[in-house]
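Undergrad: show me the folded form of this:
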Amino acid sequence: MNFKSVIPFLLMGTTLTPAGTSNATQPESKTDKSTKIYHQPDQNTLNALFVLGDTTTIHNDVTDAYLDNKAENLRDIYVRNMLAAQAKLNPLLGKRGYSAAVRQELPGAPVGMHCVWGQHTQLARALAETGDTMTIIPDGARTACVQFKSEMRKKYKPCEYTDCISEGVLYESRSDFLDAQKRFLVRNKVWANAPDSVKQKTEQKFQQKNFCADDLNPGTILIVPRYRGSKNLFHAIMYLGRGYVQDGKFVADANGRHIYTGHNRENIGDLFKAYDTSNVFAADIKNIAKAEYTKELERIKAMSDDELRRYLGEPVIYSLYPRKTLLNLAIAKYFNKDTDNNLYWWDAPLMAHAPQKQR
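TA: I've put the predicted structure just below:
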């Protein structure tokens, strides 16, 4: 299963490849990086590099697409982890080996109260798999649903993190959401002939405590009432998106129902049939990851030239590169962590002017 949309990224006539792939010509064999020797480029090469610095600047829309793809990749691994754990543990529910299996899957988890702990663990594994060192769910938020809501509110404030945290009534369909919004306008005596500014202000007030499931990304963590009408007992589940369950497995379908999965009872099913959605807390992991990746990238862009060279690995040749080229190479490295210090991700015609490695 893969939630990702394939987006063609085209820059300067060259297709940029997602993390883990490269357009570059790779060396025939790997050697210790400390033994690599780089030719001293002549003036023509230096001129080409300066042109390169001017012509391969990554535009904001392309950068945004890469950030989105990077966040989706993390989210996909996270969802995969959750579904794999659900499939492994669900057959053991009510059986003697269940507790031991949970402890093996989720080291340190408080078995029977491990719904948030499980999601924290699976997301941490996804971050480790992608090579990321950031923390999305604070450790203090993994012990209980109330703690999770408190810690995530503090860390992802709406003024800084747009579309990351939502709270209130979760509506099943867009039409249900809009009908409820119209009723809210009437209750607040905002009539059809009211100024647009008044309508917009009232609608924004409604949206602070009401949201629609179709606006959530798959992989969003939902804190729902444990029982219908419960005000202080909660349960953490993962929103998988629209689809259906076939032979115990989630099948994505844009016309399907809203499906969830989770730890602590490790089940999977129809969100709106299984849970009360009148008091829901939602943490959209994909949007949070993208916001955090954006911050990381901005820190890289703010590095000095020497810091960029250290980030790139400090081969001698980098001392001759202009800042724009250093920035482009640093951005390339950030989005291609699995490549071996790939210098030549740019346009193929310029490859002839690039300094060649000696082995």
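Undergrad: mind listing the strands for the stretch 101-250 of the chain?
TA: 165-171, 210-212, 220-225, 234-246, 249-252 (DSSP state E, counting those that start in this stretch).
Undergrad: which one of the ones you listed lies closest to A100?
TA: strand 234-246 (22.0 Å; C-beta to C-beta). (Each C-beta comes from the backbone N, C-alpha and C, glycine too.)
Undergrad: output the below-cut-off pLDDT ranges for the chain.
TA: In the prediction, the chain carries residues with pLDDT under 70 at positions 1-59, 337-359.
Undergrad: show me where it has its helices.
TA: Taking DSSP state H as the test, the helices found in the chain are 43-55, 60-89, 98-105, 115-130, 145-155, 174-187, 196-207, 271-274, 285-301, 305-312, 323-335.
Undergrad: give me the angle between the longest one and helix 115-130.
TA: This means helix 60-89. Calculated by axes from the mean of the first three to the mean of the last three C-alpha atoms, to 10 degrees, helix 60-89 forms an angle of 130 degrees with helix 115-130.
Undergrad: quick check, distance from helix 60-89 to the centre of its chain.
TA: 6 Å (C-alpha atoms, centre = their mean, to the nearest Å).
Undergrad: do the same with the shortest one
TA: Its chain's average C-alpha position is 25 Å from that of helix 271-274, according to C-alpha atoms, centre = their mean.
Undergrad: helices and strands around that helix, which ones?
TA: strand 257-261 (3 or more C-beta pairs under 8 Å, 6 or more residues apart in numbering; DSSP states H and E).
Undergrad: pairing partners for the strand it packs on, with directions?
TA: On the basis of DSSP bridges, the sheet neighbours of strand 257-261 come out as strand 234-246 (antiparallel), strand 268-270 (antiparallel).
Undergrad: burial count for the nearest residue to A141 once chain neighbours are set aside?
TA: Excluding the flanking residues, the one nearest A141 by C-beta to C-beta, 6 or more residues apart in numbering is E151, at 3.6 Å. Counted by other C-beta atoms under 10 Å, the residues lying close to E151 total 17.
Undergrad: check contacts around E151.
TA: By C-beta atoms under 8 Å, 6 or more residues apart in numbering, the residues touching E151 are 137-138, 140-141.
Undergrad: quick check: the farthest pair among the residues you listed?
TA: I137 and G140 (9.3 Å).
Undergrad: same drill for these two, tell me which one is more crowded.
TA: Each of I137 and G140 has its neighbours counted (other C-beta under 10 Å); I137 has more, 22 against 12.
Undergrad: hmm, W117 and that one touching each other?
TA: No. Counting by C-beta atoms under 8 Å, I137 stays clear of W117, with 10.1 Å between them.
Undergrad: rewinding a little: out of the strands of the stretch 101-250 of the chain, indicate the one that is most buried.
TA: Compared across these, strand 220-225 shows the largest average neighbour count, a mean of 24 (mean count of other C-beta atoms under 10 Å).
Undergrad: who are the packing partners of that one?
TA: helix 145-155, strand 234-246, strand 280-283, helix 285-301.
Undergrad: out of the ones you listed, which comes closest to D68?
TA: It's helix 285-301; of those, that one is closest to D68 (C-beta to C-beta) at 6.1 Å.
Undergrad: good, wrapping up.
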